[in-house]
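Trainee: Quick one: sequence and predicted model below, then my questions.
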Amino acid sequence: QDINAYNGEQPAEKLPFPIIADKNRELAVKLGMLDPDELDKDGMPLTARVVFIFGPDKKLKLSILYPATTGRNFDEILRVVDSLQLTAYKKVATPVDWKPGDSVMVVPTLPDEEAKKLFPKGIFTKELPSGKNYLRYTPQP
């Protein structure tokens, strides 16, 4: 209820997302989620703010550990989820600071001829001092 109230919504019995209560800190200890630099009034390490994202294959795709004193960045978490979903089904990667709708990178293992067929909106290459053409971009499919 505190989580819902903090977000300005009426407290509900069921949250719209899964949450695990760890009153005895067993999971926090087991998963290494304690912040040794931040202590509570009794000198116990505070639990860090950790985000785990698992794919449909039940494999860990991302973990972010924030210090206990730092809030999570939900815009970044949503950006990462969008990227993971896109890159799981298309032969692309997302560059630094990518946002949905921005151009994406064609994976380097995809031959040029196949890339041209897969990405009919075109491919452009970033010119590099080395002259290598491995940074290929295309509009987001």
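Mentor: Nice, thanks for sending it over. Numbers count the residues shown, from 1 in each chain.
Trainee: which SS state does the residue nearest in space to the middle of the chain fall under?
Mentor: Nearest to the mean C-alpha position of the chain, counting by Cα atoms, centre = their mean, stands V80 at 3.2 Å. Of the three states, V80 takes helix under DSSP: H, G, I helix; E, B strand; the rest coil.
Trainee: Model confidence at the residue of the chain most remote from its centre, what's the number?
Mentor: Here the chain reaches farthest from its C-alpha mean at D42, the gap being 33.6 Å by Cα atoms, centre = their mean. Per-residue pLDDT puts D42 at 90.
Trainee: What separation is there between the residue lying closest to L39 once chain neighbours are set aside and D2?
Mentor: Of all residues not flanking L39 in the chain, P45 sits nearest, at 6.1 Å (Cβ to Cβ, 6 or more residues apart in numbering). (C-beta placed from N, C-alpha, C; glycine too.) As for P45, its distance to D2 is 22 Å (criterion: Cβ to Cβ, to the nearest Å).
Trainee: When those two are compared, which one has more neighbours?
Mentor: Using other Cβ atoms under 10 Å, the more surrounded residue of P45 and D2 is P45, with 17 against 7.
Trainee: okay but the more buried one is in contact with P36, surely?
Mentor: Yes. Contact status for P45 versus P36: in contact at 5.3 Å, counting by Cβ atoms under 8 Å.
Trainee: all strands in the protein, in order from the N-terminus.
Mentor: 34-39, 45-47, 49-54, 60-66, 92-93, 104-106, 124-125, 136-138 (DSSP state E).
Trainee: and the ones you listed as CSV, adding distance to K117 and mean pLDDT?
Mentor: Formatted as CSV, the strands of the chain follow (distance: least, Cβ to Cβ, whole Å; pLDDT from 0 to 100):
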stretch, distance to K117, mean pLDDT
strand 34-39, 49, 85
strand 45-47, 49, 87
strand 49-54, 31, 88
strand 60-66, 28, 91
strand 92-93, 14, 97
strand 104-106, 12, 97
strand 124-125, 16, 94
strand 136-138, 12, 97
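Trainee: Understood, closing this out.
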